[in-house]
Structure formats: C-alpha cells, structure tokens
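**Q** Coordinates for the following, if possible.
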Amino acid sequence: MRKVLVSACLMGRRVRYDGRSKAIGDDRVARWREEGRLVVHCPEIAGGLPVPRPPAEIEPGATAADVLAGRARILTPEGADVTEHFVRGARAALATAREHGVEVAVLKESSPSCGSREVYDGTFGGRKLAGAGVTAQLLRDHGVAVFNEDEVAEAAGYLDAAERA
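**A** This is a model prediction of the structure:
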C-alpha cells in the first residue's frame, strides 16, 4: 500500500506559524487515514521552529531552489534568517518520505516550506507568485509528486494510477 505524506496542519494539528491549523475535510483524505496511508509531517516543526512563530518568506527574487543551493535565505518580517530551520525541515520531510516509501505528498499551499504552486513574494505584503516552497521543491527533486490541499482529487488519481502500474 502506497503512503501519502501530508502537511500536519492539513490534518488539524495546530502547527502553523500563527498556532492554527488548516484542516481539510476531504473524503479521500479520510479514506487514506482509515487505510493507514497517511504520513503526517510538519517540516517547520521538524526543522526546529516553535509554535507560534513569526511568519517567514523566501527573500524577494529568489526561489526554493536558490535556498536549497545556499544562494538565498528565508526571512521573518524583522529580518531574522530562519533558512537553516526550513532547509533542515525539508531534509527531514524527504527522510520521512523515503522511510515510508512515499511517492505522493499533499502539502499546504503558499507556505515557504510546503507551497507547491505558489509562495509569498518575500515582501510580507500578501502578494503571491508562482513557485514552490523548499520542502515541496526538495521532494519533487527526489521524485515525489507534490500536490496542494486543493488538488486532492489529482493526488488520488496519481496514487491510483501508480498502484495500477
């Protein structure tokens, strides 16, 4: 049975920067839970960040690939560099995925860790741009298919196709 890595905040755990969760109520996710497929993980907690914590964004003009390559940082609004925590968390997520044989992940969109399609632009002005967070990028770089909370149907389709193959 193939496993699905899922952001802890999407499973109702209060691990987001503001101490909240963003639980999703999707029947497919509930079925995966019942089947024992879910591997619940928060890369930011795994990377050593507390709850609550200041928000953080990849610096303007940079990408998750730049952060992973050591060419860019992830900063708080006050300018604190939290890059090491995010990179450590991304590596922990990859290790967890490998340990459980995960091929599919459903992660929280817009996060500097978990964003799969878009992230905030680094100015803390609430603007988003196309791109990925560091965990989503690292997982993709190692063959894990990454989806966001609005793409559970697509993740289920990918999983079903992988199991039929």
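**Q** Enumerate every residue touching Glu78.
**A** Applying Cβ atoms under 8 Å, 6 or more residues apart in numbering to Glu78 gives the contacts Pro54. Any C-beta I mention is one placed from the backbone N, CA and C, and that applies to glycine too.
**Q** same deal with Arg53?
**A** The contact partners of Arg53, taken as Cβ under 8 Å, 6+ apart, are 17, 44.
**Q** Kindly recompute the last result at 10 Å.
**A** Neighbour list for Arg53: 15-19, 44-45, 76, 80, 82, 85 [criterion: Cβ atoms under 10 Å, 6 or more residues apart in numbering].
**Q** can you tell me how far it sits from Arg16?
**A** 9 Å (Cβ to Cβ, to the nearest Å).
**Q** Overlap in contacts, the two.
**A** Common contacts of Arg53 and Arg16 (Cβ under 10 Å, 6+ apart): 44-45.
**Q** Surely Thr16 touches Pro50?
**A** Check again: residue 16 is Arg, not Thr. No - contact criterion Cβ atoms under 10 Å: Arg16 and Pro50 do not qualify, at 11.8 Å.
**Q** overlap in contacts of those two?
**A** Common neighbours of Arg16 and Pro50 (criterion: Cβ under 10 Å, 6+ apart): Glu44.
**Q** Compare the two and say which is more crowded by neighbours.
**A** Arg16 (21 against 11; other Cβ atoms under 10 Å).
**Q** Now Val6: which helix or strand?
**A** If you go by DSSP states H and E, Val6 is part of strand 4-7.
**Q** Please name the strands paired to that strand in the sheet, noting orientation.
**A** If you go by DSSP bridges, strand 4-7 pairs up with strand 38-41 (parallel), strand 104-107 (parallel).
**Q** How far off centre is the first one?
**A** The reference is to strand 38-41. Distance of strand 38-41 from the chain centroid (Cα atoms, centre = their mean, to the nearest Å) equals 11 Å.
**Q** What lies in contact with that strand?
**A** 3-13, 15, 29-30, 32-33, 89, 92-93, 95-97, 99-102, 105-107, 114, 135.
**Q** what pLDDT, on average, does it get?
**A** Averaging pLDDT along strand 38-41 gives 98.
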